[in-house]
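Trainee: I'll drop the sequence and a predicted model, then ask my questions.
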Amino acid sequence: MTDYDDYEREYNANLSRIRSFLVGTRSRETLVECERLLSEAKRCATAMQGLAEVEGNPMKIREAQQRVDRDVGPLSKEVQRALQQAPPASGPSEQQSREELFANHQSGMDQHSRDLESLITSSDDLLRESQALMVESETIGNSTLGQMGRQRDQLHNANSNVDATLAMAGQAGAILTSMSRKAWRSKMSLYVMIIILFSLNLWLLIRILKKNGK
């Protein structure tokens, strides 16, 4: 429940009392009380406009500005007109007006008590909803933390697998390099042996040819 709602409730209560006074006997005392209630209603409307401007709600700002022209202005004119037409207060009528004023005030107090009781009930409901929301949020938070922990373990295992794969790749590269070097040495040894054998065969052939020529 916000301050804006409190001012709006007080504003509506003041207007309700003013209208009840105007519908009943319009004595000078009740009309003076209407003037006071109009001042209170105007104060509430001004406070509502200020809160709406702080909140930055253009709809509430426009509504608060319209309340004075729509509600307070016409009622104020009616009260002023009734004051001009009202007779001066006398003994019996003054007593009757005071009784009527007290009865209306008592009715307003009863309405205020009912509004206060409704406000307390709404606050209790809001508190229970907030507690339920807090429990639900805690449950969701715990579930999220558990899921994050499992994902962290999965990432750790994946990182370990990557390290093992890199190590195996390094070993395989070293083995391939060693095998390549051995193959190159074997190939060079084979070429040398071929050259030596060819040279020996050529030398033997030359010796045989020289021997036959003699």
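Mentor: Yes, it's here. Numbers count the residues shown, from 1 in each chain.

Trainee: Kindly provide the distance from residue 4 to residue 14.
Mentor: 16 Å (C-beta to C-beta, to the nearest Å). Any C-beta I mention is one placed from the backbone N, CA and C, and that applies to glycine too.

Trainee: With neighbour numbers in mind, choose between the two.
Mentor: A direct count of neighbours by other C-beta atoms under 10 Å for residue 4 and residue 14 places residue 14 higher, at 25 against 19.

Trainee: Burial check on residue 32, number of neighbours?
Mentor: For residue 32, the neighbour count with other C-beta under 10 Å is 16.

Trainee: how far away is it from residue 81?
Mentor: Distance from residue 32 to residue 81, by C-beta to C-beta: 14 Å.

Trainee: Then residue 201?
Mentor: Taking C-beta to C-beta, one finds residue 201 at 144 Å from residue 81.

Trainee: where does residue 97 land on pLDDT?
Mentor: According to the per-residue confidence, residue 97 scores 56 in pLDDT.

Trainee: Quick one: list the elements packing against the helix ranked longest in the chain.
Mentor: As assigned by DSSP state H, the longest helix anywhere in the chain is helix 91-213. For helix 91-213, the elements it packs on are helix 3-23, helix 28-55, judged by 3 or more C-beta pairs under 8 Å, 6 or more residues apart in numbering; DSSP states H and E.

Trainee: Below-threshold pLDDT in the protein: ranges please.
Mentor: 1-2, 86-113, 115-116, 118-119, 122-123, 126, 130, 214 (pLDDT under 70).

Trainee: Centroid-nearest residue for it?
Mentor: The chain has residue 137 as the residue nearest its centroid, 13.2 Å off, counting by C-alpha atoms, centre = their mean.

Trainee: Contact partners for it?
Mentor: For residue 137, the contact set (C-beta atoms under 8 Å, 6 or more residues apart in numbering) is empty.

Trainee: How much space separates it from residue 61?
Mentor: Counting by C-beta to C-beta, the gap from residue 137 to residue 61 is 33 Å.
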